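*Asks:* Need the 3D shape of this:
(chains A and B)
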Amino acid sequence: MKYTVTVGGEAFEVDVSGGRIALDGKPLDAQLHTVVGTPLRQLVLTGRSVTFAMVRQEEGWTLLRAGEIWDATVVDERTRQLREMTGQSVGSGDQVVAAPMPGLVLRVEVQVGTRVKAGAGLLVLEAMKMENELRSPIAGTVTAVHVESGQRVEKGARLVEVAAPVDPCEEGR
Amino acid sequence: MPSILPSFHPSVVPCGAGSRAVKRVLIANRGEIACRIIRACHEEGIEAVAVYSEADRQSPHVRAADTAVEIGPPPAKDSYLNVDRLLGAARHSGADAVHPGYGFLAERAHFAEAVEQAGLTFIGPPAAAIRAMGEKTEARRRMAAAGIPVVPGTNDPVRDAAEASQVAREIGFPVMLKAVAGGGGKGMRRVEDSSGIASAFKAASSEAQSAFGDGAIYLEKFLECPRHVEIQVLADRFGHCVHLGERECSVQRRHQKLIEECPSPAVDIDLRIAMGKAAVQAATSVGYLGAGTVEFLLTPGGRFYFLEMNTRLQVEHPVTEMVYGVDIVREQLRIAAGESTTVPGRPMRPRGHAIECRITSEDPFNGFLPATGRIEFLRIPTGPGVRWDGGIETGNTIGLFYDPLIGKLIAWGETRDRAIRRMRRALDELVIVGLPTSQPFHRRVLDDPVFLSGDYDTDYVQRHGEKLLSTRPARETLELAAIAAAMAEHEARAAAVPIAANGPDAAGESPWLRAARLQGLR
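*Replies:* Okay, here's the model as predicted:
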């Protein structure tokens, strides 16, 4: 089975069949061992062994190592082809920025159509008596703003939506 | 209890000395520091009483103690800050002493008084010493009188913006406006020139009013590129007041420390002696007792100025413990019980180097925003020279009620370079699944040439933090992640399909058996 994996803003094609895999067409010997009773998985390649903590998500996996966290979207070939036909982007990466905690929206710094870089401030949320700037997780264009300044929001409330550019190379992260 | 000091003669016992019962200690705190204090109690053969809020029923400190008392709902004001409930818990559990830890009520003179009035021993300094150091202008006056250098500024609150402006012109811009009742960076404003002083005064004063109930503001000259260097002191009832060298705490963000080192790369033996002497003088001048920390600002030219004294156990005390071979909490317990400190009066030599990284439930990639979640998995680093002072276990939920500090990772090495290598290794071993933490920030700092050079100051995080956090992973790392994700996905789907197709034709076969067979086939 061929999978398109998008991680850290880069896309890889990984073909998995039995104990053999191919990364972007290059064959590799690879084994993935689960450390039973833990989220740890050890990837053993020729001359290389690395352990990630891995948690399954709706469409892919979250991987952790030395505190670094990567979200990897994994889409199989058939789904990818279907999406291409219907015009959806692969592993679209579109993001909804939600309130991480209940709070008060102090300022909204973007509007629909604003092009943002990854890490750009979207709005300022006051919670726990601290002003917290919520930033865009990706580079892209703001497609929706659901709140206005002065509004109280609950944890998990949708605040701002950012769509990734169709061509990921268009705007670097 | 054995002591390396000669036992005292009763005829020289100063007023207030004499042994007190410290057999059962109530720890008026939670999290990692409660666990730390309970450990020290148990090593001394002392029973520990934990208190906990409804939010902390599952917390490790509750199980670590010999007795545990629930003291109220999650908000701190109804539990860990509620003096009546804490004293009630002490009475109920038969405790004879109270250790406040840090934060919460640790530096509230009225709490120390209430504890003593209830006939219990407060494991900390006298209320008068807490009060003298807690009021910042009072502390400045006292320190200046004791001949300790203080940052140029006012020793009294300034009345209004006009007076602040006048003083600022005299001592020269930039200046800092600070809350008299201050701490933790609240009610603090930097002012560049006279045009900004009126609005800054108003903002600082109102912030101080809401944070401390006291809007009084004083003024200090703003020092350029200072380092934050602090001296650990210990004072017992026999007139011994000793210091345990310095800690370097300049890696901080918005006045919150992130990484601490002992010794400081900027302090040589002469400076250590001079700062140590000043710190001991500071403590003595307020009649200090127990463990305390005198904080200084150190300029690039090697001049130091008194900043404030923390009249309690400090978060970063472990780095001193590792380098000086002294258990500071044990010393606190001994001193409170009327015994002498085990630390000799002559200056001690630092042995090796220790670094502490504060692991907090904050997302460094999202402006250090506090994060919440459940600890799904925790792997604690071990091995030579590594220490974990933690307050969490798998299954704990991290909420927003309390401080985001979930654990401290400490590494010791023969030299600073060895300690740094060891800390990198330990950070690589640490796994926390369930919520973002400050761990990746620390890992990046430990590879940063500026940090490695040791030549950094309190502006370090502001100047270099963003760059450090924007570093992208190597392509090889992403390749490995992509392969692992694809293989895990493939495996998960293969395992899920037959179970999902579990229809009438598959009746009688246990999904457990099938899962086991799939595992075997892999």
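*Asks:* My read is that A:Arg152 contacts A:Leu106, right?
*Replies:* No: using Cβ atoms under 8 Å as the test, A:Arg152 is too far from A:Leu106 to be in contact (11.1 Å). In this view, the C-beta of every residue, glycine as well, is placed from N, C-alpha and C.
*Asks:* can you tell me which residues contact B:Leu297?
*Replies:* By Cβ atoms under 8 Å, 6 or more residues apart in numbering or on different chains, the contact set of B:Leu297 is B:Val151, B:Leu223, B:Pro226, B:Arg227, B:His228, B:Val229, B:Phe304, B:Tyr305, B:Leu307.
*Asks:* out of those, who's nearest A:Val112?
*Replies:* Nearest to A:Val112, judged by Cβ to Cβ, of the contacts of B:Leu297 is B:His228 at 44.4 Å.
*Asks:* Now the closest one. Nearest residue, chain neighbours left out?
*Replies:* For B:His228, ignoring the flanking residues on the chain, the nearest one in space by Cβ to Cβ, 6 or more residues apart in numbering or on different chains is B:Cys249 at 4.5 Å.
*Asks:* Tell me which strands the helix or strand encompassing that neighbour pairs with, and in which orientation.
*Replies:* In this structure, B:Cys249 is located in strand B:241-253 according to DSSP states H and E. In the sheet containing strand B:241-253, the strands it pairs with under DSSP bridges are strand B:227-235 (antiparallel), strand B:256-262 (antiparallel).
*Asks:* CA atoms only for stretch B:458-467, dumped as CSV, please.
*Replies:* Output for stretch B:458-467, consisting of C-alpha atoms alone and laid out as CSV, is shown next (Å, rounded to 0.1, in the frame of the first residue of the first chain):
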residue,chain,number,x,y,z
THR,B,458,18.6,37.9,31.5
ASP,B,459,17.8,39.1,27.9
TYR,B,460,18.9,35.7,26.5
VAL,B,461,15.5,34.2,25.9
GLN,B,462,14.1,37.4,24.5
ARG,B,463,17.1,37.8,22.2
HIS,B,464,17.6,34.2,21.1
GLY,B,465,14.4,32.3,22.0
GLU,B,466,12.5,32.9,18.8
LYS,B,467,15.4,31.9,16.6
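*Asks:* who touches that stretch?
*Replies:* With contact meaning Cβ under 8 Å, 6+ apart, stretch B:458-467 is reached by B:225-228, B:250-253, B:258, B:441, B:448, B:450-451.
*Asks:* what's in contact with the helix or strand hosting B:Arg425?
*Replies:* Take DSSP H and E as the rule and B:Arg425 turns out to sit in helix B:416-429. Outside helix B:416-429, the residues that touch it by Cβ under 8 Å, 6+ apart are A:65-67, B:261, B:265, B:352-355, B:357, B:379, B:381-386, B:409, B:411-413, B:439, B:442-443, B:446-447, B:452, B:454.
*Asks:* now the angle from that helix to strand B:256-262?
*Replies:* Between helix B:416-429 and strand B:256-262, the angle comes out at 130 degrees (axes from the mean of the first three to the mean of the last three Cα atoms, to 10 degrees).
*Asks:* Name the residues of helix B:416-429 that come out as buried.
*Replies:* For helix B:416-429, burial by neighbour count (16 or more other Cβ atoms under 10 Å in any protein chain shown) applies to B:Arg416, B:Ala419, B:Ile420, B:Arg422, B:Met423, B:Arg424, B:Arg425, B:Ala426, B:Leu427, B:Glu429.
*Asks:* Kindly report the same for stretch A:22-30.
*Replies:* Applying 16+ other Cβ under 10 Å to stretch A:22-30 flags A:Ala22, A:Leu23, A:Ala30 as buried.
*Asks:* Quick check: which of the residues you listed are also close to chain B?
*Replies:* Contacts with chain B within the buried residues of stretch A:22-30, counted by Cβ under 8 Å from any Cβ of the partner chain: A:Leu23, A:Ala30.
*Asks:* Using CSV, please lay out the buried residues of stretch A:22-30 together with distance to B:Val319, secondary structure and pLDDT.
*Replies:* Shown next, in CSV, are the buried residues of stretch A:22-30 (distance: Cβ to Cβ, whole Å; DSSP: H, G, I helix; E, B strand; the rest coil; pLDDT from 0 to 100):
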residue, distance to B:Val319, secondary structure, pLDDT
A:Ala22, 49, strand, 96
A:Leu23, 44, strand, 96
A:Ala30, 42, strand, 94
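*Asks:* pLDDT for the contacts of B:Leu297 - can I get that in TSV?
*Replies:* Compiled in TSV, the contacts of B:Leu297 are given as follows (pLDDT from 0 to 100):
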residue	pLDDT
B:Val151	93
B:Leu223	93
B:Pro226	96
B:Arg227	98
B:His228	97
B:Val229	98
B:Phe304	98
B:Tyr305	97
B:Leu307	93
